[in-house]
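Visitor: sequence and predicted structure, then a few things I'm wondering about:
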Amino acid sequence: MTSRIFKILFIAVSVAAIFSGLCANESRKAKYIFLMIGDGMGSNHRAIASTYLKATTNRKMIMDSFPVKNLTVTDSLSGTTDSAAAGTALACGVKTQNGMLGITPDGKKVNSVAVDAQNAGLKVAIMTDVPINHATPAAFFAHSAKRNLYSEISRCIPESGFDIFTGTSFLVSKGEHSPEKFLSKKGYRIINDFDVFKNLQKGSEKIIFIHDIPYVIDTPASPQITLAGKLSKVIELIKSDTGFFIMVEGGKIDWAAHNNDLANTVKETVAFDDAVKVAYDFYRAHPGETLIVVTADHDTGGLVLTDNTAGAAEVINAQWCSKAELLNNLISLKKSAAPFEQALKIIVENYGLKNLKESNIAQLKQAYDIFLSSNQKTLLPEELKKMYGMQNPVISICSQISDDRAGIKWNTRGHSGTPVTTTAIGIGSEIFSRDMDNTELPGLIKQLLPPHPDN
Ligand SMILES: [Zn+2]
């Protein structure tokens, strides 16, 4: 008898435990998910951007105020990762070779967490401030052995069926057409006009919004289009009862860091943080249902902060144009064979190099003379020039002076293998509170997806 009562009690307690466990699990599901990826945004990029913000606005970066933090390892099967392998790791949870998108090294297609989210009934948006079929966003919807098979990658969009894509353009493979016609035939409404996008009403239409976002540093005050502004609109368009998954990439942080352009890197990181703030404001309105994860695909530039970065904020503030734009200015000066004094004026005003020492001016003059007399033609295609600029003797000297004043150093013009910082807030975010490999991230997000509404 006693043992029977004990058995019944045991079963009752077990059932209660399982039931309460299920309830606890249910309540740990995220209805609204933001996965925000700063391309190339190493931990030190975040640190120096925070220093800059603190000095200029007396506030922290929003992404650094999140309670959950970890270091995320980024290497790929090729060693130091590129954005394709890192994107595949963050989107699909598998390690692959550099250059590969949404496939394993032996060519098997793997689905991204965005597809899992869609299967769970969430609406999906893929957002970037670089081309839509660039490596990081592409890892969420495409499968390709090579990241530069742009037309093949674009053709994966209709198959994904995702609700909204935003970016600056589509890269097109040589000899191929722009994919816009194909995509609109497949049911996507292509919008190029910001006013049309701004005035869109919520509906069932699938949207691709293409509009350039220049570097923040090269944009005159109060730019009309920002990643943050686009995110606000996208949230408005896809917020639904079944929830959403939005991937937002700050893609130009990587380009600026490839150029070893400190002020540009910092301002792009801050612009990305403005988008994080939009997600954070949404979280504050829906705290029990929202998850935000902010990470990076890898570090670009191997940025080092020395023991004297006290002058960094001032140096960053003083620079008014990107190195890429300064290069354009220098090319124009060369075309008109402008005298050094004229070039110096532009360098001082736009690049913020005030109070130059005589020795610095001599270095700049020498570099300018070399530049004027060289007939070196760049072999880089336009897109690469825009991304990476090119080594130019004048810019090289400008960098030396400004990096020295800011107390920073760059280790490479490529990617580094240093782990990146991931921060998170919201429902279920505590599962990100340990150091991890980048391939673990999408699996953890998947754990927090709600069950499909029809199940
Ligand atoms: Zn890169």
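Guide: Alright, I've got the coordinates.

Visitor: where does the stretch 201-350 of the chain have low pLDDT?
Guide: For the stretch 201-350 of the chain, the stretches flagged by pLDDT under 70 are 222-223.

Visitor: which residue ranges of it form strands?
Guide: 206-210, 244-250, 290-296, 299-300, 304-305 (DSSP state E, counting those that start in this stretch).

Visitor: give me the nearest residue to residue 370, chain neighbours excluded.
Guide: residue 393 (4.8 Å; C-beta to C-beta, 6 or more residues apart in numbering). C-betas here are computed from N, CA, C, even on glycine.

Visitor: isn't the one you found up against residue 367?
Guide: Yes - counting by C-beta atoms under 8 Å, residue 393 touches residue 367, with 3.9 Å between them.

Visitor: of these two, which one has the most company?
Guide: residue 367 (21 against 18; other C-beta atoms under 10 Å).

Visitor: the more buried one sits in which helix or strand?
Guide: helix 358-373 (DSSP states H and E).

Visitor: keeping just the C-alphas, turn that helix into CSV.
Guide: Extracted C-alpha coordinates of helix 358-373, given in CSV (Å, rounded to 0.1, in the frame of the first residue of the first chain):
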residue,chain,number,x,y,z
GLU,A,358,57.2,70.9,-40.4
SER,A,359,58.5,67.3,-40.7
ASN,A,360,55.0,66.0,-41.4
ILE,A,361,54.4,68.7,-44.1
ALA,A,362,57.7,67.7,-45.7
GLN,A,363,56.7,64.0,-45.7
LEU,A,364,53.3,64.9,-47.3
LYS,A,365,55.0,67.0,-50.0
GLN,A,366,57.3,64.2,-50.9
ALA,A,367,54.4,61.8,-51.1
TYR,A,368,52.4,64.2,-53.2
ASP,A,369,55.2,64.7,-55.6
ILE,A,370,55.6,60.9,-56.0
PHE,A,371,51.9,60.6,-56.6
LEU,A,372,51.9,63.4,-59.2
SER,A,373,54.8,62.0,-61.1
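
Visitor: what lies in contact with that helix?
Guide: Contacts to helix 358-373, defined as C-beta atoms under 8 Å, 6 or more residues apart in numbering, come from residues 330, 334, 337, 340, 343-344, 347, 353, 356, 392-394, 396-398, 400-401.

Visitor: do that again at 7 Å, thanks
Guide: Applying C-beta atoms under 7 Å, 6 or more residues apart in numbering, the contact partners of helix 358-373 are 330, 334, 337, 340, 343-344, 347, 392-394, 396-397, 401.

Visitor: report the rounded mean pLDDT for that helix.
Guide: Taken as a whole, helix 358-373 has a mean pLDDT of 90.

Visitor: so how far is residue 147 from residue 162?
Guide: 19 Å (C-beta to C-beta, to the nearest Å).

Visitor: reformat the strands of the stretch 201-350 of the chain as TSV; add mean neighbour count and distance to residue 418.
Guide: Listed next are the strands of the stretch 201-350 of the chain as TSV, based on neighbours: other C-beta atoms under 10 Å; distance: least, C-beta to C-beta, whole Å:
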stretch	mean neighbour count	distance to residue 418
strand 206-210	21	33
strand 244-250	28	18
strand 290-296	27	10
strand 299-300	28	5
strand 304-305	14	10
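
Visitor: need these in a markdown table (columns: distance to residue 105).
Guide: As requested, those are exported to a markdown table (distance: least, C-beta to C-beta, whole Å):
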| stretch | distance to residue 105 |
| --- | --- |
| strand 206-210 | 31 |
| strand 244-250 | 23 |
| strand 290-296 | 23 |
| strand 299-300 | 23 |
| strand 304-305 | 32 |
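
Visitor: the nearest residue to residue 179 once chain neighbours are set aside and residue 373, how far apart?
Guide: In this structure, residue 179 finds its nearest non-sequential neighbour in residue 154, 3.7 Å apart by C-beta to C-beta, 6+ apart. Remark: distance between residue 154 and residue 373 (C-beta to C-beta) = 43 Å.

Visitor: thinking again about what came up before, got JSON lines for the contacts of helix 358-373, with distance to residue 321 too?
Guide: Listed next are the contacts of helix 358-373 as JSON lines, based on distance: C-beta to C-beta, whole Å:
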{"residue": "330", "distance to residue 321": "11"}
{"residue": "334", "distance to residue 321": "17"}
{"residue": "337", "distance to residue 321": "22"}
{"residue": "340", "distance to residue 321": "19"}
{"residue": "343", "distance to residue 321": "14"}
{"residue": "344", "distance to residue 321": "15"}
{"residue": "347", "distance to residue 321": "10"}
{"residue": "392", "distance to residue 321": "14"}
{"residue": "393", "distance to residue 321": "18"}
{"residue": "394", "distance to residue 321": "13"}
{"residue": "396", "distance to residue 321": "16"}
{"residue": "397", "distance to residue 321": "16"}
{"residue": "401", "distance to residue 321": "15"}
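
Visitor: quick check: of those residues, which has the highest neighbour count?
Guide: Highest count within the contacts of helix 358-373 by other C-beta under 10 Å belongs to residue 394, 28 neighbours.

Visitor: which parts of stretch 420-433 are buried?
Guide: 420, 421, 422, 423, 424, 425, 426, 427, 428, 429, 431, 432 (16 or more other C-beta atoms under 10 Å).

Visitor: is it true that the first one touches residue 296?
Guide: To tie it back to what came earlier, the one meant is residue 420. Yes - using C-beta atoms under 7 Å, residue 420 and residue 296 qualify as a contacting pair, with a distance of 4.0 Å.

Visitor: need the overlap of contacts for those two.
Guide: 41, 42.

Visitor: show the contacting residues for residue 449.
Guide: 29, 116, 117, 120.

Visitor: what residues are up against the last one?
Guide: Think residue 120. Per C-beta under 7 Å, 6+ apart, neighbours of residue 120: 449, 450, 451, 452.

Visitor: who wins on neighbours among those residues?
Guide: residue 449 leads the contacts of residue 120 on contacts (other C-beta under 10 Å) with 23 neighbours.

Visitor: so that one: helix, strand or coil?
Guide: coil (DSSP: H, G, I helix; E, B strand; the rest coil).
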